[in-house]
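1. What shape does this take:
(one chain, ligands or ions: 2)
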Amino acid sequence: MAIVAPSLLAANFLKLEEACNMINESVADWLHLDVMDGRFVPNISFGIPVIEHVRKATKKICDVHLMIEEPGNLVPTFKKAGADNIIVHLEACPNLHRNIQQIKELGMNAAVAINPHTPVFLLEDILVDLHHVLIMTVNPGFGGQKFIPHSIEKIKQLRKMINEKNLNVLIEVDGGVTVGNAKELVDAGADVLVAGNMVFSSNDPLSVIKQLRF
Ligand code: DX5
Ligand code: ZN
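-> Ligands and ions are numbered 1, 2, ... in the order given. The predicted structure is shown next:
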């Protein structure tokens, strides 16, 4: 069954505690936290102090998606703030292997995200070191965008690569995930579904989270 990771980016920031309580009650396994620096992506979201507070309020696995340049400088600080998983972008990391080793040495699960224009084959030599791969299915920086259909092909390619190498790496999908496309994503090979707007714009987020769990 797919792991659902609601993205807090779509929550009401005046009511983050309520959002965390709702997620605690839900069948979601992970909580997805989007950090943006206004440089790697053209937007700024929230950072370390917010994650420290969220950590205290959530019982779920904190999946921290770093859409920032030079993430290595801040990885130890995100560990202290309570991250369980850290995702860095392949496009932001010329020394990606070093970044991944650093995350693992600090006792966290290491993941790599790829943007819509980045081909799956570039993961070939890092896959063995990863806990999961995040396939961006929209351009990073904003919630509420439309799913890019070509992403399905990328999920299938990555699933094939992971299976051929006999690895246990999870595939996470982020951007434009809905109750309408979740089954197709899981059928293509996705293990973790991030959902922001789908969950938080609903009147019944608990039921949406359940419905995403294909
Ligand atoms: C976008 C973020 C996503 C975002 C997804 O840059 O990485 O996690 O919150 O939002 P939705 O599900 O609304 O597309
Ligand atoms: Zn994200």
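
2. now the helices for the chain?
-> Applying DSSP state H to the chain gives helices spanning 16-25, 48-57, 75-81, 96-105, 151-164, 182-188, 197-200, 205-211.

3. most packed of the ones you listed?
-> helix 197-200 (a mean of 23; mean count of other CB atoms under 10 Å). Bear in mind the C-beta positions are built from the backbone N, C-alpha and C, glycine included.

4. Show residues contacting it.
-> For helix 197-200, contacts defined as CB atoms under 8 Å, 6 or more residues apart in numbering pick out 6-7, 10-12, 19, 143-144, 177-179, 205, 208-209, 212.

5. Quick check, pLDDT for the nearest residue to G107 once chain neighbours are set aside.
-> Closest residue to G107 apart from its sequence neighbours, by CB to CB, 6 or more residues apart in numbering: K79 at 7.4 Å. According to the prediction, K79 has pLDDT 98.

6. Repeat that for G72.
-> So, for G72, pLDDT stands at 97.

7. returning to that earlier point: now, among the contacts of helix 197-200, which is nearest to ligand 2?
-> Ligand 2 lies nearest to S7 out of the contacts of helix 197-200, by CB to the ion, at 5.7 Å.

8. Assess the claim that that closest one and S201 are in contact.
-> No. The pair S7 and S201 does not pass the contact test of CB atoms under 8 Å, sitting 11.8 Å apart.

9. So if I had to pick from those two, which one is more boxed in?
-> A direct count of neighbours by other CB atoms under 10 Å for S7 and S201 places S7 higher, at 24 against 12.

10. Bridged to that one, which residues?
-> Assessed by DSSP bridges, S7 has beta-bridge partners H32.

11. and the residue of this protein nearest ligand 2?
-> H65 (3.7 Å).

12. list the contacts for that residue?
-> When contacts are counted by CB under 8 Å, 6+ apart, H65 touches H32, L33, D34, V35, I87, A113, L134, D174, V194.

13. among the contacts of helix 197-200, which two are most distant?
-> N12 and V179 (21.0 Å; CB to CB).

14. more neighbours, the two?
-> Using other CB under 10 Å as the criterion, N12 and V179 rank with V179 on top: 17 against 9.

15. what does the protein put close to ligand 2?
-> Taking CB under 5 Å from the ion as the criterion, the chain approaches ligand 2 at residues D34, H65, D174.

16. pLDDT for these - can I get that in JSON lines?
-> Formatted as JSON lines, those follow (pLDDT from 0 to 100):
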{"residue": "D34", "pLDDT": "99"}
{"residue": "H65", "pLDDT": "99"}
{"residue": "D174", "pLDDT": "99"}
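
17. before we move on, back to that, which ones, among the contacts of H65, also lie beside ligand 1?
-> Among these, proximity to ligand 1 is found for H32, D34, D174, V194 (CB under 6 Å from any ligand atom).
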